[in-house]
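Colleague: Below are the sequence and a predicted model for it; my questions follow.
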Amino acid sequence: MDFSLTEEQEMLRDTVAKFLASRYNLADSRAAAKTGPGWQPEIWRGFAEELGILGATFPEKVGGLDGGPAELLVITEALGYALVIEPYVETVVLAGGLLQRAGGERADALSEAIVVGDAVVALAAEEPTSAGDWRDVRTTARRDGAEWVLDGTKIVVSAAPIANQLLITARTAGGERDTEGISLFLLDFDASAPPAGVTVHSYRTIDDRRAADLSFDGLRLPADALLGAAGAAWESLDRGIDEATAAVVSEGVGCLRRVLADTVEYAKQRKQFGVPIGSFQALQHRMVDMFMEVEQAVAAQYLALLSLDAEPARRARAVSAAKVTLARAARFVGQNAVQLHGAMGMTEELAVGHYFKRLTALEQEFGSADQHRARYVALAG
Amino acid sequence: MDFSLTEEQEMLRDTVAKFLASRYNLADSRAAAKTGPGWQPEIWRGFAEELGILGATFPEKVGGLDGGPAELLVITEALGYALVIEPYVETVVLAGGLLQRAGGERADALSEAIVVGDAVVALAAEEPTSAGDWRDVRTTARRDGAEWVLDGTKIVVSAAPIANQLLITARTAGGERDTEGISLFLLDFDASAPPAGVTVHSYRTIDDRRAADLSFDGLRLPADALLGAAGAAWESLDRGIDEATAAVVSEGVGCLRRVLADTVEYAKQRKQFGVPIGSFQALQHRMVDMFMEVEQAVAAQYLALLSLDAEPARRARAVSAAKVTLARAARFVGQNAVQLHGAMGMTEELAVGHYFKRLTALEQEFGSADQHRARYVALAG
Amino acid sequence: MDLNWSAEDLAFRDEVRAFLDDKLTPEIRRAGRLMTSVYPDHEASMAWQAILHERGWAAPAWPVAYGGCDWSLAQHYLFGRESTLAGAPLLSPMGIRMVAHAILGFGTDEQKDWFLPRILTGEVFFCQGYSEPESGSDLASLSMAAVDDGDDLVCTGSKIWTTHATEANWIFSLVRTSRTGKKQEGITFLLMPMDLPGIEIRPLVMTSGEEVQNQVFFDEVRVPKRNVLGRIDEGWTVAKYLLNFERGGALAPALQVWADELGEAAAAQPGPGGRPLAQDPAFAAKLADIRIRTDVLEILEFRTIAAIAQGRNPGPAASMLKVLGTELSQALTELAQEAAGPRGRVYQPHATMPGGPIAEFSPPADGYVSGLDWQAVAPLRYFNDRAGSIYAGSNEIQRNILAKAALGL
Amino acid sequence: MDLNWSAEDLAFRDEVRAFLDDKLTPEIRRAGRLMTSVYPDHEASMAWQAILHERGWAAPAWPVAYGGCDWSLAQHYLFGRESTLAGAPLLSPMGIRMVAHAILGFGTDEQKDWFLPRILTGEVFFCQGYSEPESGSDLASLSMAAVDDGDDLVCTGSKIWTTHATEANWIFSLVRTSRTGKKQEGITFLLMPMDLPGIEIRPLVMTSGEEVQNQVFFDEVRVPKRNVLGRIDEGWTVAKYLLNFERGGALAPALQVWADELGEAAAAQPGPGGRPLAQDPAFAAKLADIRIRTDVLEILEFRTIAAIAQGRNPGPAASMLKVLGTELSQALTELAQEAAGPRGRVYQPHATMPGGPIAEFSPPADGYVSGLDWQAVAPLRYFNDRAGSIYAGSNEIQRNILAKAALGL
């Protein structure tokens, strides 16, 4: 076992942190979220051109840096620490992994576009009945001559409103919850001018990102829209979900570190009854418990990211353990950070309120604690 | 709604408390438990003759006082407060209720014997496979001429080693977990000289009471050993379990009040770092949480006892809610009482250690929190 | 000892039920059902107050002479319970349930006669000016100055967490009239019209996006001394008296309603493994625990109300009920947010009835809602409900009080 | 970054495994498996120490010159892990893992040469005399007097919570040699044979019935000054140094073993509704949470051990691991007691391997056991495990330390 970073990895961490500290701030990003386009395209451009982090986990042949778990760890944690709303996990981790494993010309071209910052990709997988379990695919894709015809509904598709490419899961065979028969399709996309057969309802999320509900009603796609073999997408999707889960765990660790630091600092500054509230033992012990939750989340972050290349059952078990841990930490630390900030913690005036909203969303993204605990139980046999 | 006691009920409470304060002490009762006969028969005699509480819930026709939930509440709470190990719940509440509902000459005679202190009765219901669910009866009783023949195994039968009468559940019809087909039998009993066909393994319990594992191997009983109609005991048994559960909830409240009082007192006396440990805010808040658990247990005590006459589904729901609440309080208050007493709390030198052991047993007696929560869910539909 | 109601009580309950059935319009019910916090939509709440006032039930706890009801304890309790069960919105607590009791207890006849009828009709709508940016849990350290100037007090400073300040036309406030002696001395309880020159309001945007809370700035605001309630420098006495009313309500009935609604919603909501969420053992266990805690809270609340009604001091019970009730409510809003699933991440306040305007949000032109109303309510209620353990004396402060008052520590 | 072991590490692991397979007799394994606390059966533990000593592995953390092993960090970790997985009993911590390090750090050559080999063989068996009846969490307030009398110190007072005092022939103790200055000053670290005149032992009966802990009384016990470790009045320095070793071990492997054993037991144990307990969702969820927390603890423990091995200060991590490890262990022993069901109420220490004699208990003549061994162990382990959050600096004290050291509060 070894939890140390190489010099290059430490340098990457410092570079990303410095970029975000100087170029990314809460006011501008929330303005973009609430009254602007939903993101800051110039930041994304910076990720590609100045930091190169959009290619961090891509192979060199598509322009990537061929990085592994350690690179993913330092990048996603830094993004979480700065509360970055731009869709790194959606585009680079989730779509990026699916594209790499699908292979083929279109996938490689899109990978290249992601690396240079030209493509933002969203995955339309959640459906009204799936409750976070993406093997529950009722959207259908049927062949019609050289084309595919898609019908179905997807909900809460993260980043769809700002994506220019959409990955869509659809069933080409099998029953509603079969893992066999799930296929992956690619679609050029513009939420403000959706193609024929697509209805889009875009909205903001509680954590100031953008998402959309989509319905496909006879959407026609060309033959090469199918990525990989028909009906065989589950294995890659299953891995992709684990990778994305590990990435949001890591992002969550970044959020948690910031929230804990802010809370401790606030408790040292804020005076009531003539003394800093951080001098009260009950609050000190609470903050210690928050600290221990954060440290456990850090361990979970290692556990998840360093298990991604293990065989699927071990990978799934580690990722589920990590997500349960992160969810518990997110709730405990988030709620207590608000509590210790008092009513100020409930406003949008301090950072803590914004982080709390993100932590609330993170708790459930890619499966809730209950869902991951149940998966862990099933895997433990 | 009304939670007040009548003057008579208050007098009963005071009388029982005074008797126990002057006549019952931890040293003698533990000596009886560990190196003596397992109980203090002279105390039991006092319950009958001086206090009359063995007849509290029996009708006047068998010599009882015809009391209701309020009487049961004040008596059982007082017994818990004094950590009385004598089998009041087993004999008076559980067996007493079964006998009253069974009716008939033998049952009435035994009721009279209980009221005057001559009979100690244990119910043999738990089996190796029943996991606290007493509808799971695999002990069989079959007719053989005028006699019944019983075969099967009962475990952890509370009070059996000191009982002179045994009630036994046995299946006369139906499948292993059917509620139909369960019958109730009565047996004259002496653990030190068991009748032919009965093997007894007596032991002490963690809470310094006595219990036994029993096996019946062709035990022959006369026809009139059957109480009530054959195969129809479940309804009464179900109610009896709820009554006993409510009674141990109430007993638990007595334990909890004492444990909380001792802990607060200890925290005021015990000095470390030059001040009473009760002056540390973290410990103060812990004791406040213990206080709130005790108050909730008190509310649960009302809820359970005052719902015993409601229709079965409401009764069961109330009793299960109460047991879940008591179990949570027992664990939280018990564990923290030990913690706040430090290592002294882990010894047999202070009362708190003895109460902790009783609270540990109480948590699971007549069903654990998980079991009662599951029953509550099932009843809530 | 009895858990049941008397026949008279049940008859009264039926009368209340009939009234509620008759008078609660779908719009008003909607405002109750889709509340995102303890603060109702202002208009719906005032509309409901008018209906209650017409029936003489707007302020049942007041003395009959001022428009209250001659009800038994059980009737008061049942009225509140039935109103909650029927989905009636809460009335604003600041006027009828709070300052009115201070006016009744400490006001001059003139103050009583002027304010009380107007509070009943809604003509006078109060907000509360207690907390200051530097005085939260330590309320007695408040510093907003009220300088004696002949017939007036001249107020300068600021108040924060003032609910519905923009809707209110009056504010009741604690101000500092003297800085000598203990910090609890030298505080004055003052009633001010909100249109006095020098008052400015800055809405605060909460994490739910709602502008219900405000900071109110006072710049040499001149208030006649006849607007003082009680005596100058003795406002802390009034505030302490009011505390008894602030923490008086029964929360269990509302929690029962919400738990039932959540149970029903979960029965129709897809859960793990393709079964309804209600059948997921983890969810079912959490909901059951909440229901059990609510069953228990109901008894504790009733026992306390009964003690008060019998003229006994409920002692530290009020602090305990505040802690238990708010933590239970938080467990419930947390579970509802879990139950909302992926839809719980969608921000759609237009499908709810929030307590105030929403900052920086334009509802979709077509009114689209992702999922069901309750899923839209869930995140906002979860965010807003964090306030439960913060306001009206944080739960840490309540535990301090309980350590002293209940345990003698 | 890597979660895996190197090929060299794996080879070493296999060597350890082979040794354990070969040498762990069923009797010794039984002593490990049926432990009721962190204190093993004395005889079995000493027997295992002898076997380890024969192989040169009794004290791997000592310097090689004194019988330690030249192992890498990973090897030390894997040795502990494999021993636990194989069910080896713990060795008594007082000698090899504690006082020996103090002797190595502060002892004279004479002390090292006399004590260390005898500790290894078990000829010298230490107990610890730190706590006093009035000095628990506030250890530095200890008052047992050691009066200077020429070549001797004359000790009067009493020590409490002295584990295995009746088995031990030596005690290391903190005594007060001076009452001027801060309370941490004037404390001396003293080694005493237990057979000195004036020493008396009173066993303490714990809730488990076990007599493992004792109170030790000292009445003018005369101890030569050459038995002082370090300098007179500077014993606190030695004690603080020792603390680093007291909290050093990895607990996660043992918790993994217990969790696996509990999972297996639950698969064979009747649970609700006629299904095995392992399939009860409530039980399964609790066991899964414990396993998940253990997976996480393992990483935290290894990270800390790695930091120490690299000569870095692990900072407040030791306090955190103590809290997390003991609370996790308590969750597990609590769940095992739940799982034991009705049998968990039966008191049958004769089916276990407790750390000491059982007071006032006669095992049944026929050796009858109700249920299975693990069900007999469950309540005793649950009772004894309450000590986890009390000893070695209570978890409240650890949180105080963490507030300062980790958060600067």
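Modeller: That came in fine, so what should we check first? Residues are numbered from 1 along each chain as shown, chains lettered A, B, ... in the order given.

Colleague: Might you enumerate the residues of chain C proximal to chain B?
Modeller: Chain C comes close to chain B at residues C:1-5, C:74, C:263, C:284-285, C:288-289, C:291-293, C:295-297, C:299-300, C:302-303, C:306, C:320, C:323-324, C:396, C:399-400, C:402-403, C:406-409, as judged by CB under 8 Å from any CB of the partner chain. To be clear about C-beta, it is placed using only N, CA and C from the backbone, and glycine gets the same treatment.

Colleague: list the contacts for residue 283?
Modeller: Let's take chain A. With contacts defined as CB atoms under 8 Å, 6 or more residues apart in numbering or on different chains, the neighbours of residue A:283 are A:267, A:277, A:340, C:396.

Colleague: switch to chain C, that's the one I care about
Modeller: A:370, C:266, C:271, C:277, C:335, C:338, C:339.

Colleague: hang on, the fifth one packs against residue C:262?
Modeller: In other words, residue C:335. Yes: using CB atoms under 8 Å, residue C:335 is in contact with residue C:262, at 6.7 Å.

Colleague: Looking only at neighbour counts, state which of those two leads.
Modeller: Neighbours per residue (other CB atoms under 10 Å in any protein chain shown) separate residue C:335 from residue C:262, with residue C:262 holding more: 25 against 21.

Colleague: Pull the number of nearby residues for the residue nearest to that one when sequence neighbours are not counted.
Modeller: Distance criterion CB to CB, 6 or more residues apart in numbering or on different chains; nearest residue to residue C:262, sequence neighbours excluded, is residue C:336 at 5.3 Å. Residue C:336: 25 surrounding residues under other CB under 10 Å.

Colleague: Share the number of residues neighbouring residue C:320, please.
Modeller: Neighbour tally, residue C:320, other CB under 10 Å: 25.

Colleague: so which helix or strand takes in it?
Modeller: Residue C:320 is part of helix C:317-340 when elements are defined by DSSP states H and E.

Colleague: From the contact counts, what lies against that helix?
Modeller: helix B:281-305, helix C:252-267, helix C:281-309, helix C:373-385, helix C:395-405 (3 or more CB pairs under 8 Å, 6 or more residues apart in numbering or on different chains; DSSP states H and E).

Colleague: Of the ones you listed, which is nearest residue B:47?
Modeller: helix B:281-305 (19.5 Å; CB to CB).

Colleague: where does residue C:246 land on pLDDT?
Modeller: pLDDT, residue C:246: 64.

Colleague: Go through stretch C:352-361 and flag the buried ones.
Modeller: Judged by neighbour count (16 or more other CB atoms under 10 Å in any protein chain shown), stretch C:352-361 contains these buried residues: C:352, C:353, C:354, C:355, C:356, C:358, C:359.

Colleague: what sits in contact with each of residue C:335 and residue C:262?
Modeller: If you check residue C:335 and residue C:262 against CB under 8 Å, 6+ apart, the residues they both contact are residue C:287.

Colleague: Now residue C:359: closest residue in space that isn't a chain neighbour?
Modeller: Nearest non-adjacent residue to residue C:359 (CB to CB, 6+ apart): residue C:205, at 4.4 Å.

Colleague: OK, contacts around residue 96?
Modeller: The chain I'm using is chain A. A:57, A:58, A:111, A:114, A:121.

Colleague: not what I meant, chain C
Modeller: C:49, C:58, C:59, C:62, C:119, C:120.

Colleague: ok now do the fourth one, which residues does it touch?
Modeller: What it means is residue C:62. If you count contacts by CB under 8 Å, 6+ apart, residue C:62 has them with C:68, C:96, C:100, C:104, C:116.

Colleague: ditto for the third one
Modeller: Each residue near residue C:59 by CB under 8 Å, 6+ apart is listed here: C:66, C:67, C:68, C:96, C:100, C:119, C:120.

Colleague: try it again with 10 Å
Modeller: By CB atoms under 10 Å, 6 or more residues apart in numbering or on different chains, the contact set of residue C:59 is C:49, C:52-53, C:66-69, C:91, C:95-97, C:100-101, C:116, C:119-120.

Colleague: again with the fifth one
Modeller: For residue C:119, the contacting residues are C:49, C:58-59, C:62, C:66-67, C:92, C:94-96, C:99-100, C:103, C:125-126, C:170, taking CB under 10 Å, 6+ apart as the criterion.

Colleague: per-residue pLDDT, it?
Modeller: Residue C:119 is assigned a pLDDT of 97 by the prediction.

Colleague: Next: the third one.
Modeller: What the model reports for residue C:59 is a pLDDT of 95.

Colleague: did I read that right, it in a strand?
Modeller: No: using DSSP: H, G, I helix; E, B strand; the rest coil, the secondary structure at residue C:59 is coil, not a strand.

Colleague: Pick the one among the contacts of residue A:96 closest to chain D.
Modeller: residue A:57 (14.3 Å; CB to the nearest CB).

Colleague: Could you give the backbone dihedrals for that closest one?
Modeller: phi -110, psi 10 (degrees, to the nearest 10).

Colleague: What is the burial count for whatever residue of chain C ends up closest to chain D?
Modeller: Closest approach of chain C to chain D (CB to the nearest CB) occurs at residue C:281, with a separation of 3.5 Å. Using other CB under 10 Å, residue C:281 has 18 other residues around it.
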